[in-house]
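**Q** With the sequence up front, the predicted model follows.
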Amino acid sequence: MLDIHNLSKFYGKKKALNNINLEIEKGQIVGLLGPSGSGKTTLFNIAAGIMPFKEGEIRINSLEPSEKTKAFVSILTENNAIPKWMKVKDIVHFYNEMYDDFNKEKFDNILNNFDLDIPYKKRIKNLSKGMTQLLRLALTISREAELYLLDEPLGGMDTLLRDKVIDIILDNLNTESTTIIATHIIPDVERMLDKVVFIKDGSILGYHDCEELRISKGKSVENVFKEVMI
């Protein structure tokens, strides 16, 4: 599904990604775990075709990131990219027109599960930060995508809401799709992950099967992560 070989990315003289090599199979839920500034968002933006790169290669279903891959890659960016002047109905209409795989019925069901009563005539700028995040997440996972890239999907949420959000994500993702979740909030997402990638300072420090890691180390993924990041 996702094949990355010798991928590097520079911002000026700073190396944001350092010779990344990674192969992620179809149907897995993978945690991309690392502290802020570790390269998670840069890697996502490249995979989503948002950011160009010059060194190395990346393939999604054997295709380079492009307009073709955007048709089956659904990304939740770390920061809100929805223009604040838009109304909720405008952004829903945009997704419905832009993406053939957008499932409006699924979107409405997700909002109902979140117990969100968002007036479609309300502008994005008038929504709370938490409500905006939930709206963006609902839009992202309402696509029947082949690859989901979720960048800090639990940001700004309290513990009780995080549990509910994880359940809704699991219930609504395409079961044959691949999902990568970039986060530093590990305890909340650990139960949903098949594999984890540890990343720090733009370099991959490990790629592990979660269950095998817990058995071999006798520790939670979070505790192993803390040791690796020291």
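**A** Structure received. Predicted model only: the values in this text are computed from it and were never measured.

**Q** drop to CA atoms for contacts and neighbour counts, all remaining ones
**A** Fine.

**Q** Distance check, the residue nearest the centre of the chain against S216.
**A** Nearest residue to the geometric centre of the chain (CA atoms, centre = their mean): L150, 1.3 Å. L150 sits 28 Å away from S216, going by CA to CA, to the nearest Å.

**Q** which one is L170 nearest to, not counting chain neighbours?
**A** Nearest non-adjacent residue to L170, counting by CA to CA, 6 or more residues apart in numbering: M192, 7.6 Å away.

**Q** How confident is the prediction for that neighbour, by pLDDT?
**A** With respect to pLDDT, M192 scores 90.

**Q** Check V224 too.
**A** V224 carries a pLDDT value of 91.

**Q** Just the CA trace of the helix or strand H93 falls within, in CSV.
**A** Using DSSP states H and E, H93 falls within helix 88-98. C-alpha atoms of helix 88-98 as CSV (Å, rounded to 0.1, in the frame of the first residue of the first chain):
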residue,chain,number,x,y,z
VAL,A,88,-20.8,24.0,7.3
LYS,A,89,-23.1,23.3,4.3
ASP,A,90,-20.4,24.8,2.0
ILE,A,91,-17.6,22.5,3.1
VAL,A,92,-20.0,19.4,3.1
HIS,A,93,-21.0,20.4,-0.5
PHE,A,94,-17.3,20.7,-1.4
TYR,A,95,-16.5,17.2,-0.2
ASN,A,96,-19.5,15.8,-1.9
GLU,A,97,-18.5,17.4,-5.2
MET,A,98,-14.8,17.0,-4.9
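
**Q** Buried by neighbour count: which residues of that helix qualify?
**A** For helix 88-98, a neighbour-count test (16 or more other CA atoms under 10 Å) marks V88, D90, I91, V92, Y95, N96 as buried.

**Q** do stretch 147-156 as well
**A** Neighbour-count burial for stretch 147-156 flags L147, Y148, L149, L150, D151, E152, P153, L154, G155 (criterion: 16+ other CA under 10 Å).

**Q** for the first one, what are its contacts?
**A** With contacts defined as CA atoms under 8 Å, 6 or more residues apart in numbering, the neighbours of L147 are F72, V73, S74, S177, T178, T179, I180.

**Q** Most neighbours among those residues, which one?
**A** Within the contacts of L147, neighbour counts (other CA atoms under 10 Å) peak at T179, which reaches 27 neighbours.

**Q** I'd like to check what contacts the helix or strand that that one is a member of. Which residues are they?
**A** Per DSSP H and E: T179 is located in strand 178-183. For strand 178-183, the external contacting residues (CA under 8 Å, 6+ apart) are 1, 25-34, 40-41, 146-153.

**Q** Provide the strand pairings for it, with the direction of each partner.
**A** Paired neighbours of strand 178-183 in the sheet (DSSP bridges): strand 29-33 (parallel), strand 147-151 (parallel).
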